[in-house]
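[1] Return atomic coordinates for the entry below.
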Amino acid sequence: MRAITLFLILCCLLPAYSNPVETSELRGEWKGSRIVNAYVVNFNLHIRQTDQGYAATVDFPSQNNFNVSYTLKIKGNEFYLSRENKEGVLIEYKGKINGNTIVGTFHYNNEYMKDKPGIFQLMKSNAKYIKGEQLPDFELTTFNDTGKVSNSTYKGSYLLLDF
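    Purely as a prediction, here's the structure:
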């Protein structure tokens, strides 16, 4: 009887202390696409951890639209990403986090599209650094050996390293 009581107590407490998504798993780069009415849009989601929770920006390279801020809410394995565009239309991504993937529905809540949800899928990138983070000190030699580039000598707005 005592063993059964102990087992029941453990079963009741286990869900309260288990979180299916660790903070370190969410932070980072996510690559994915959304499909609405057979129209595919690829996008990149960048998640940073802040004191208030998470900060998220999205890049849509095919639309030449970068650093779009979104509100990100996580509850257990529930994923909710949203923003209101310039026209006042609410854009929502609602999904489930399962390890290194997020799958769900996409809603563009205007008069024409409000009853026509799309789908989306994101996969976690294994990129080491998140967009916007300061890179550690580095030094690169140019391909033709004409010079070296380092943190202290680089003065541009953007830096693309492709290895």
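[2] count of neighbours near residue 90?
    By other C-beta atoms under 10 Å, 13 other residues sit near residue 90. No exception for glycine: its C-beta is placed from N, CA and C like everyone else's.
[3] ok, now residue 125?
    By other C-beta under 10 Å, neighbour count at residue 125 equals 16.
[4] give me every residue that touches it.
    28, 29, 30, 31 (C-beta atoms under 8 Å, 6 or more residues apart in numbering).
[5] where exactly do the strands run in the protein?
    28-36, 39-50, 53-60, 65-75, 78-84, 90-98, 101-108, 118-124, 139-141, 148-150 (DSSP state E).
[6] Show me which helix or strand of this protein is least confident by mean pLDDT.
    Sorting the helices and strands of the chain by mean pLDDT, DSSP states H and E puts helix 2-17 at the bottom, at a mean of 44.
[7] so who does residue 63 touch?
    Contacts here follow C-beta under 8 Å, 6+ apart; on that basis residue 63 touches residue 41.
[8] Check it and give its pLDDT.
    For residue 63, the model assigns a pLDDT of 89.
[9] And it, how far from residue 113?
    Residue 63 sits 16 Å away from residue 113, taking C-beta to C-beta, to the nearest Å as the criterion.
[10] now do residue 96
    In terms of C-beta to C-beta, residue 96 sits 22 Å off from residue 113.
[11] what do you get for residue 83?
    Taking C-beta to C-beta, one finds residue 83 at 15 Å from residue 113.
[12] which regions of this structure sit below the pLDDT cut-off?
    Along the chain, segments meeting pLDDT under 70 span 1-24, 127-163.
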